[in-house]
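Peer 1: got a predicted structure plus its sequence, pasted below:
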Amino acid sequence: MSFGLTKRHKIIITSVILAVALLSTGFMSISFYLNYKLQIIVALLILSLVLSAWALWEGLTFLKGTILMVLPMTFTLSVTSYYFLLPTYWYLRFPVALLFGIIWYTLLLSQNVFNVSSIRTIPLYRVASTVVFVLTITTASLLFNVIFSLHMLYIFNGLVVLALCFPLILQLLWSVEMERVDSILAVTSLFMGIVVSQVAIALSFWPVSNAVASVMLTAVLYLVCGISMDSLRGRLSREVVWGYFRWGAPVLLLVYLTTSWTG
């Protein structure tokens, strides 16, 4: 049901609808969205899934549909989880909803490139790959902060992080070749997710703030995903690896300096 609209028009409409839907939650009464916050988040997730599938439907296969819906769903989850933490003032919520719509538009354009592109060397593919990588790391970072703020038992932190990271890593690794998901790709993604989840378990015992713990976990995800994707592209070298670790060293220093050793 395209209604004679082009893909770009559908992506624009989808972005506007989701931004307005997110903004409209700010006009609900405090008691209502506190009592039904989970249901509202689920409703927004379903809406994002339906609209994303509608916008990208042309040329979408079952495999692409499954993989390409991962990031839009998790991105919506991360934004809505934080949106309800904002004060109910329109001058705070409106810019967030506007930024969400703009990023969503960029995200769907990038996913559409993966949907229709069969040539991985075109400039649009490189831009789309960069956008998806950045949004994947950003989405994970926001959700890591939410996970640590729930103060769950360490084993649940690890399991939730694994459940989150596995599909996010899988869709990143798939985007390198954009072919079928074989056992090697799935096992590699699972192993990388386990590595990140083990760090999450360790950080559950580490005396640092939730924000610092999420930054540390984000750095680990960035390292394992960046190195793995460069390896799949045949661009991995000693200099590239050291470049990643030079970026990660300040994060380790931050964790060390913010650790409450006497706590």
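Peer 2: Looks like it came in fine.

Peer 1: for the chain, what spans make up the helices?
Peer 2: With helices called from DSSP state H, the chain shows them at 7-24, 30-35, 37-55, 62-68, 70-83, 90-116, 123-149, 154-177, 183-205, 210-232, 238-258.

Peer 1: mean pLDDT for these: which is lowest?
Peer 2: Least confidently modelled of the helices of the chain is helix 30-35, at a mean of 63 by mean pLDDT.

Peer 1: can I get the helices of the chain in CSV including mean neighbour count?
Peer 2: C-betas here are computed from N, CA, C, even on glycine. Below are these laid out as CSV (neighbours: other C-beta atoms under 10 Å):
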stretch, mean neighbour count
helix 7-24, 18
helix 30-35, 11
helix 37-55, 17
helix 62-68, 16
helix 70-83, 21
helix 90-116, 18
helix 123-149, 18
helix 154-177, 20
helix 183-205, 17
helix 210-232, 20
helix 238-258, 12
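
Peer 1: measure residue 175 to residue 183 for me?
Peer 2: Using C-beta to C-beta, to the nearest Å, residue 175 is found at 18 Å from residue 183.

Peer 1: whoops, residue 247 was the one
Peer 2: Counting by C-beta to C-beta - residue 247 and residue 183 are separated by 31 Å.

Peer 1: also residue 166?
Peer 2: Taking C-beta to C-beta, one finds residue 166 at 14 Å from residue 183.

Peer 1: ditto for residue 250
Peer 2: Separation of residue 250 from residue 183 (C-beta to C-beta) stands at 37 Å.

Peer 1: over to residue 43?
Peer 2: Following C-beta to C-beta, the distance that separates residue 43 from residue 183 is 36 Å.

Peer 1: also residue 192?
Peer 2: Using C-beta to C-beta, residue 192 is found at 15 Å from residue 183.
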